[in-house]
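A.B. asks: Give the three-dimensional model of this entry:
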Amino acid sequence: MSASARLSSSLCRRATSAAPRTTIPASQTRGLRTISASTTTAPSSRLNRRTIRQAYTPLLTARRPLSTTPRRHDSPSEPFDPATIIRESDQVDVCIIGGGPAGLAAAIRLKQLANEAANEDFRVLLLEKAGEIGAHVLSGAVIQPDAINELIPEWLDETYENRFTGATPAGKDTMRFLTSKMAIPLPAPPQMHNKGNYIVSLNEFTKWLGERAEEVGVEVYPGFAASEVLYEADGSVKGVATNDLGIGRDGKPKDSFERGMEFHARITLFGEGCHGSLSKQVIKKFDLRSESQPQTYGLGVKEVWEVQPDKFKKGEIFHSMGWPLPIDTYGGAWMYHFGDNLVSVGLVTALDYKNPWLSPYGEFQKLKTHPFYRETLEGGKCISYGARALIEGGFQSIPKVAFPGGALIGDSAGFVNVPKVKGTHNAMKSGMLAAEATWEALKNEDSGAVFLFDYEDRLRTSSIWKELKEVRNMRPSFHTPLGLLGGIMYSGLEAYVFKGRVPWTLKHKVADHEATKPADQCKKIEYPKPDGKLTFDILTSVSRTGTNHEEDQPVHLQVKDWDKHTAETYPAFKGLENRFCPAGVYEYIEDASKPEGVRFQINAQNCIHCKTCDIKAPNQDINWQVPQGGEGPKYYMT
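C.D. replies: Residues are numbered from 1 along each chain as shown. Alright, predicted model coming up:
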């Protein structure tokens with residue numbers, strides 16, 4: 001059953017159970033009939049937001065009738081202000097933002113605890129901006145199964161009817177240092193050994209987790225983009241609101257305008273992944289980084305290939321460092337053989353790179369021309385593409401994770417183990433720890449703000465803390481005077497000898513956007529023209545993401561003044577945005593009428609939600625916000 005059909009079924013069941021308590025006008029039941037019909041005749045079609053809200057209306061009006069009559073926005077006498085319409089709201093016990101591994105693990109664990117306690121009324125609601133659970137998820141991915149073994153022990157059991165069938169047991173590990181022509185063998189550090197791990201499509205794994213969440217009673221709502229954090233009078237988090245729909249590119253409501261919805265909860269867990277738009281807000285509001293270093297990031301660019309059967313080595317795992325990245329740029333590549341003749345190949349480029357002429361996308365295309373990678377991919381077919389910013393700060397950059405009324409989980413806080421090249425197990429475990437702390441906290445019937453002190457304590461005594469502390473000096477060692485080769489040697493000492501027991505903790509020197517040098521101080525990089533077989537132009541790659549955005553809506557990549565941005569950014573960095581974006585969103589177009597001779601343009605429809613622009617923009621004047629719910633990429637096997 002498709003995600004939209006499952007959502008329809010869930011809404012119908014809830015509406016049916018609530019309906020006897022309320023007399024529902026015919027105008028409000030019309031949506032329920034529509035949902036029922038769509039489930040029967042076209043279960044795979046995407047439901048629009050109006051249909052979902054009409055089904056939800058009986059439940060909302062049973063709790064709190066609207067106190068304001070909506071005014072038509074086409075009135076010639078008075079401009080229409082969307083804020084004059086009170087948003088519909090619903091009260092739940094726990095609201096989770098983000099349907100990735102962390103959010104789903106938290107939701108499942110909460111409902112497991114509630115079900116064990118026979119508390120059927122305990123409501124856990126999960127909002128996901130993608131149109132389907134998993135559609136925005138991208139990773140390598142080799143997963144360490146500790147967390148999923150704990151959460152759903154039977155996940156691979158052949159006697160379990162709903163087991164996950166997409167896991168390929170990890171096989172041989174290979175590590176190489178690349179020059180332009182050679183692949184020099186390196187010993188893989190213990191953290192990178194993968195015995196007992198599994199290669200998966202994280203996109204498919206997350207879809208499966210979403211189904212398990214619904215089984216235990218989580219209310220899962222894909223296509224709902226949480227765009228605003230709501231606060232109580234005392235400053236604690238009250239919940240979130242989804243964005244308004246039907247707003248034109250000019251900022252004015254259209255005939256299709258619909259007000260967003262509010263979801264209130266005693267606890268709100270933010271599991272948006274790396275550099276989430278709401279997570280940024282709560283980190284700033286509650287000063288959660290007051291005792292940690294700035295976060296640092298990498299950009300992962302990835303393709304999935306169907307390779308020739310004679311080149312397929314099921315379960316084999318390859319990692320490389322060095323070429324094509326410059327000697328002063330941290331990063332690494334991978335190639336994982338999984339499923340049936342499928343290969344995941346990608347490159348992570350640290351976003352604290354200095355040269356503004358560098359293009360992570362261009363570097364990835366060059367990578368595939370190396371004999372080490374070409375040998376496997378040549379003659380195959382690229383079937384999927386994607387890109388996503390990754391958390392790389394590690395132990396030093398973990399913020400405080402709890403605040404009044406909520407907490408950060410997964411990569412919203414930053415639990416990726418960079419030397420291990422893994423983070424899913426830690427993301428899920430953090431969600432489970434937060435769930436257990438939330439369950440204990442909500443046993444208290446006090447009506448005041450809830451603070452998850454226990455989550456902070458559990459985190460510091462968990463495997464996450466121990467694991468990240470042990471490798472804390474490896475990533476920053478590459479930006480000491482030791483350089484790349486020295487960083488490799490120092491990391492070897494940490495991996496085999498020190499194991500984190502040294503009395504020092506190396507620091508991340510500057511935020512990623514501060515590391516970029518002016519273009520005239522760096523060597524210009526020219527990238528070869530794509531051949532269309534092994535290497536591809538950026539728009540061809542974007543076409544493989546399934547990305548879709550309605551064109552007539554406010555640009556979700558917010559730049560207050562495009563001309564000012566051009567004046568402050570272009571002369572120094574010569575179009576850096578066009579090169580760091582892996583989706584062709586940003587352009588500088590020649591325009592003699594402009595003082596700089598170019599015009600800044602944002603092609604927001606291409607955005608694949610990687611968040612790189614929000615991280616790397618030199619003047620930090622690009623603010624990534626959620627577009628309408630359900631829009632963005634629709635990844636396949638990523």
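A.B. asks: Look at residue 356 and report its pLDDT.
C.D. replies: Note on residue 356: pLDDT of 98.
A.B. asks: need the longest helix for this protein.
C.D. replies: helix 424-441 (DSSP state H).
A.B. asks: for that one, packing partners?
C.D. replies: Other helices and strands packing on helix 424-441, by 3 or more C-beta pairs under 8 Å, 6 or more residues apart in numbering; DSSP states H and E, are helix 101-116, helix 146-151, strand 261-270, strand 406-408, helix 453-460, helix 463-470. The C-beta positions use only the backbone N, C-alpha and C, and glycine is treated the same way.
A.B. asks: Not counting sequence-adjacent ones, nearest residue to residue 350?
C.D. replies: Among residues not flanking residue 350 along the chain, residue 330 sits closest, at 3.9 Å (C-beta to C-beta, 6 or more residues apart in numbering).
A.B. asks: Could you tell me which ranges of this protein sit under the pLDDT cut-off?
C.D. replies: 1-80, 445 (pLDDT under 70).
A.B. asks: Of all residues in it, which one is nearest the centre?
C.D. replies: residue 273 (3.9 Å; C-alpha atoms, centre = their mean).
A.B. asks: need the contact list for it.
C.D. replies: When contacts are counted by C-beta atoms under 8 Å, 6 or more residues apart in numbering, residue 273 touches 98, 100, 102, 388, 410, 411, 412.
A.B. asks: Give me the subset of those residues that lies in helices.
C.D. replies: Per DSSP H, those map to helices at residue 102.
A.B. asks: May I see the contacts of residue 273 organised as JSON lines, with neighbour count added?
C.D. replies: Listed next are the contacts of residue 273 as JSON lines, based on neighbours: other C-beta atoms under 10 Å:
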{"residue": "98", "neighbour count": "29"}
{"residue": "100", "neighbour count": "31"}
{"residue": "102", "neighbour count": "33"}
{"residue": "388", "neighbour count": "28"}
{"residue": "410", "neighbour count": "34"}
{"residue": "411", "neighbour count": "29"}
{"residue": "412", "neighbour count": "31"}
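A.B. asks: Distance to residue 459 for the contacts of residue 273 - can I get that in a markdown table?
C.D. replies: Output for the contacts of residue 273, formatted as a markdown table (distance: C-beta to C-beta, whole Å):
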| residue | distance to residue 459 |
| --- | --- |
| 98 | 18 |
| 100 | 18 |
| 102 | 13 |
| 388 | 24 |
| 410 | 12 |
| 411 | 14 |
| 412 | 13 |
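A.B. asks: Now do the contacts for the spatially closest residue to residue 547 that is not a sequence neighbour.
C.D. replies: Leaving out its chain neighbours, the residue that sits closest to residue 547 by C-beta to C-beta, 6+ apart is residue 633, at 4.7 Å. Counting by C-beta under 8 Å, 6+ apart, residue 633 makes contact with 135, 136, 386, 545, 546, 547, 608, 609.
A.B. asks: which of those residues are buried?
C.D. replies: Using 16 or more other C-beta atoms under 10 Å as the burial test, the contacts of residue 633 include 135, 136, 386, 545, 546, 547, 608, 609 as buried.
A.B. asks: close enough to count as contact, residue 227 and residue 276?
C.D. replies: No. Look at residue 227 against residue 276 with C-beta atoms under 8 Å: they stay out of range, at 11.4 Å.
A.B. asks: Would you point out the most distant pair within the contacts of residue 633?
C.D. replies: 546 and 609 (12.1 Å; C-beta to C-beta).
A.B. asks: Out of the buried ones among the contacts of residue 633, which sit inside strands?
C.D. replies: residue 386 (DSSP state E).
A.B. asks: where's residue 296 relative to residue 508, distance?
C.D. replies: Residue 296 sits 5 Å away from residue 508, going by C-beta to C-beta, to the nearest Å.
A.B. asks: follow-up on the earlier one: any chance of a markdown table for the contacts of residue 633, columns distance to residue 565?
C.D. replies: What follows is those, written out as a markdown table (distance: C-beta to C-beta, whole Å):
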| residue | distance to residue 565 |
| --- | --- |
| 135 | 30 |
| 136 | 26 |
| 386 | 27 |
| 545 | 26 |
| 546 | 29 |
| 547 | 23 |
| 608 | 21 |
| 609 | 21 |
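A.B. asks: Just name the closest of the residues you listed to residue 518, please.
C.D. replies: Using C-beta to C-beta, those come closest to residue 518 at residue 608, 28.2 Å.
A.B. asks: and the nearest residue to residue 103 once chain neighbours are set aside, what does it touch?
C.D. replies: Spatial nearest neighbour of residue 103, chain neighbours left out: residue 271 (3.4 Å); criterion: C-beta to C-beta, 6+ apart. Residue 271 makes contacts with 96-98, 100, 102-103, 106, 408-410, 412, 427, 431, as judged by C-beta under 8 Å, 6+ apart.
A.B. asks: Closest one to residue 524 out of those, please.
C.D. replies: Once C-beta to C-beta is applied, the member of the contacts of residue 271 that ends up nearest residue 524 is residue 412, at 36.8 Å.
A.B. asks: List the contacts of the closest one.
C.D. replies: So residue 412 contacts 98, 102, 270, 271, 272, 273, 274, 276, 279 (C-beta under 8 Å, 6+ apart).
A.B. asks: which pair in the residues you listed spans the largest distance?
C.D. replies: 270 and 274 (12.2 Å).
A.B. asks: So for the two, which residue has more residues nearby?
C.D. replies: Between residue 270 and residue 274, residue 270 has the larger neighbour count (other C-beta atoms under 10 Å), namely 32 against 25.
A.B. asks: so who does that one touch?
C.D. replies: For residue 270, the contacting residues are 97, 98, 276, 278, 279, 282, 406, 407, 408, 409, 412, by C-beta under 8 Å, 6+ apart.
A.B. asks: Look up how far residue 126 lies from the nearest residue to the second one once chain neighbours are set aside.
C.D. replies: Read it as residue 98. Distances taken as C-beta to C-beta, 6+ apart put residue 271 closest to residue 98, at 3.8 Å, once the chain neighbours are dropped. According to C-beta to C-beta, residue 271 and residue 126 sit 9 Å apart.
A.B. asks: Show me whatever sits in contact with both of those two.
C.D. replies: 96, 98, 103.
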